[in-house]
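Asks: test case, fold it:
(chains A and B)
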Amino acid sequence: MTRFKTPRGARDRLPEEQHLWDRVTGAFERACRLHGFGRIQTPTFESADLFIRAVGEETDIGSKELYTLDDRGGEHLALRPEGTAPVVRAYNEHGMKVRSQPVRLYYLQPHFRYDRPQAGRYREHNQMGAEVLGEEDASVDVEAISLIWEVLIGLGLTGLELEINSIGDPVCRPNYRRALVDYYQDRLDELCQDCNRRFTSNPLRLLDCKKDRCLQIAGKAPRSIDFLCGDCSDHLAVLRKGLDALEIDYAVNPRLVRGLDYYTRTVFEILPAGGAAQGSLAGGGRYDLLSEYIGGDSVPGMGFGSGIERVILNLQEQDLDGAPAARPDAFVGPLSSAAKPVAAALSSQLRSVGLATIFGYRDASARSHLRRANSAGSRIAVLIGDRDLSNGSVSVRDMDKKTQTEVKLEEAARTIKDLLTD
RNA sequence: GUGGCCGUAGCUCAUCUGGUUAGAGCGCUUGGUUGUGGCCCAAGAGGUAGCGGGUUCAAGUCCCGUCGGUCACCCCA
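Replies: From the prediction side, this is the model:
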């Protein structure tokens, strides 16, 4: 019988790393609350078409990375590969346009992509993300970017780089696209294979190929920001002023494009120190067309997603993963089988007055119990043996001070509380 | 999806060019007399060497496949 293992690209999160998870998501939720965002939870699976329509059939996510399943009723479903489309779907489904606009939402949830796993890249990965729907003012973009930026900075990460770009809208993007295609048309034989493929599938992606040769060619390619129409150009200006006002450093990267089709105007990425070895920590942008793509009303939107595993990985790399030692208050060890029920009852009583208490389960030697109490980091150890049973007492030992007293069973809780508050 | 590297106890690693019952440290359990911790000492538990095939008198050590991890691509969070 072979032993079961986590499926490829999926991982267990063990107790000792939970504090990192809590720290990251805690910081994020706090920020969301401060900015007036409400949490939304959408299903883990949705109609596969929702995602295909949203991210585009040509993208990797829409084609080869989707975890699809046909259920017994014949529904063609997919595990959520990204967070934005479901949120926009929910906005439309629940008539959120009648709410005071814009609507601010955030989420913390797993995403699934059939990718080849690597450190910081998992088939099941968690994202914290936020979306603002119903407002196209670039101030929204500023707020979304600053929210996640400050969360990451607040966690202590250093060397982060924020890159922004604008890829235009339906008015100006076609012009740009044409210029780009014209430029690349004559250079196809100088480009790598992947880029030749991109030329027909998604020309914008030609810009962020990392091969030296292609990089050179991309360097001289027309830049989207030079083709922006008046509105888009103004929009970008407002975004930049807003970031400046918040003193958030950023770089305009004319070659920054995003993989998903639904983005318009603003796109951004936050890269970890030392470049993008394990990919970006956060990315997002504006998607004013998405709602219509998926059959909804015309609703402007702006949002981002940030990979929690990647953020944690970065905290560990920057030695910011120090664990706060969670110490139990008390450890109760029975020295004989007759003492077990008494010890169990006392444990229960201690918990009922709010003391974190570990019950030593089986009767063992005092040495055993104290060793265990010690390795658990317990502040107090309580020993109960036959001697105690006969005079109705227990031994309460302060593990740090190495002092010990014998008290009446009924006074144990009181005594321990006093010791802990000293 | 493409290419490279890696895969020995829970963890970190040894096992020289293939050769007897695969070792260590840490961790874990128990003990070091009469109910007492963190140090020290001792004993013990724990491995079909990821899995499957092949070569060989003999394989953890060589070859192939497969699964998993990892790095670079691809992609993205």
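Asks: would you pull up the residue in chain A closest to RNA strand B?
Replies: Here the residue of chain A nearest RNA strand B is A:Gly259; by Cβ to the nearest atom of the strand that distance is 1.5 Å. All C-beta atoms are positioned from the backbone trio N, CA, C, and that covers glycine.
Asks: thought that residue was touching A:Ser63?
Replies: No: between A:Gly259 and A:Ser63 there is no contact under Cβ atoms under 8 Å: 11.8 Å.
Asks: between these two, which one's more packed in?
Replies: Taking other Cβ atoms under 10 Å, A:Gly259 and A:Ser63 do not tie; A:Gly259 has more neighbours (17 against 13).
Asks: for the more buried one, give me phi and psi.
Replies: phi -70, psi -20 (degrees, to the nearest 10).
Asks: tell me how far A:Val142 lies from A:Ile248.
Replies: Here A:Val142 is placed at a distance of 9 Å from A:Ile248 (Cβ to Cβ, to the nearest Å).
Asks: likewise for A:Arg223?
Replies: Applying Cβ to Cβ, the value for A:Arg223 to A:Ile248 is 22 Å.
Asks: so for the two, which residue has more residues nearby?
Replies: Ranked by neighbour count (other Cβ under 10 Å), A:Arg223 and A:Ile248 place A:Arg223 first, with 19 against 15.
Asks: the more buried one reaches A:Pro254, doesn't it?
Replies: Yes: A:Arg223 is within contact range of A:Pro254, at 3.8 Å (criterion: Cβ under 8 Å).
Asks: for chain A, which segments are assigned as helices?
Replies: For chain A, the helices defined by DSSP state H occupy A:18-34, A:48-55, A:84-93, A:138-154, A:173-185, A:193-201, A:212-219, A:230-245, A:290-293, A:308-317, A:340-352, A:366-376, A:386-391, A:412-421.
Asks: looking at those, which is closest to A:Arg11?
Replies: helix A:308-317 (8.1 Å; Cβ to Cβ).
Asks: what's that closest one packed up against?
Replies: In terms of contacts (3 or more Cβ pairs under 8 Å, 6 or more residues apart in numbering; DSSP states H and E), helix A:308-317 is packed against helix A:18-34, strand A:124-133.
Asks: now the angle from it to helix A:18-34?
Replies: Helix A:308-317 and helix A:18-34 meet at an angle of 120 degrees, taking axes from the mean of the first three to the mean of the last three Cα atoms, to 10 degrees as the criterion.
Asks: what's in contact with helix A:308-317?
Replies: The contact list for helix A:308-317 (Cβ atoms under 8 Å, 6 or more residues apart in numbering) reads A:17, A:20-21, A:23-25, A:108, A:119-120, A:122, A:125-128, A:152, A:155-157, A:272-273, A:278-281, A:321.
Asks: that helix close to RNA strand B?
Replies: Yes: using Cβ under 7 Å from any atom of the strand, helix A:308-317 reaches RNA strand B at A:309-310.
Asks: okay, angle between that helix and strand A:124-133 too, please.
Replies: Interaxial angle, helix A:308-317 versus strand A:124-133 (the same axes, to 10 degrees): 110 degrees.
Asks: in contact with A:Gly285, which residues are there?
Replies: Residues counted as contacts of A:Gly285 (Cβ under 8 Å, 6+ apart) are A:258, A:263-268, A:302, A:304.
Asks: is it bridged to anything, and to what?
Replies: Beta bridges link A:Gly285 to A:Val267, A:Gly303 when assigned by DSSP bridges.
Asks: what residues does the stretch 201-350 of chain A put near RNA strand B?
Replies: Within reach of RNA strand B by Cβ under 7 Å from any atom of the strand, the stretch 201-350 of chain A has these residues: A:205, A:208-211, A:258-260, A:269, A:276-284, A:305-307, A:309-310, A:335.
Asks: switch the cut-off to 6 Å
Replies: Applying Cβ under 6 Å from any atom of the strand, we find that the stretch 201-350 of chain A lies next to RNA strand B at A:205, A:209-211, A:258-260, A:276-277, A:279-283, A:305-307, A:309-310, A:335.
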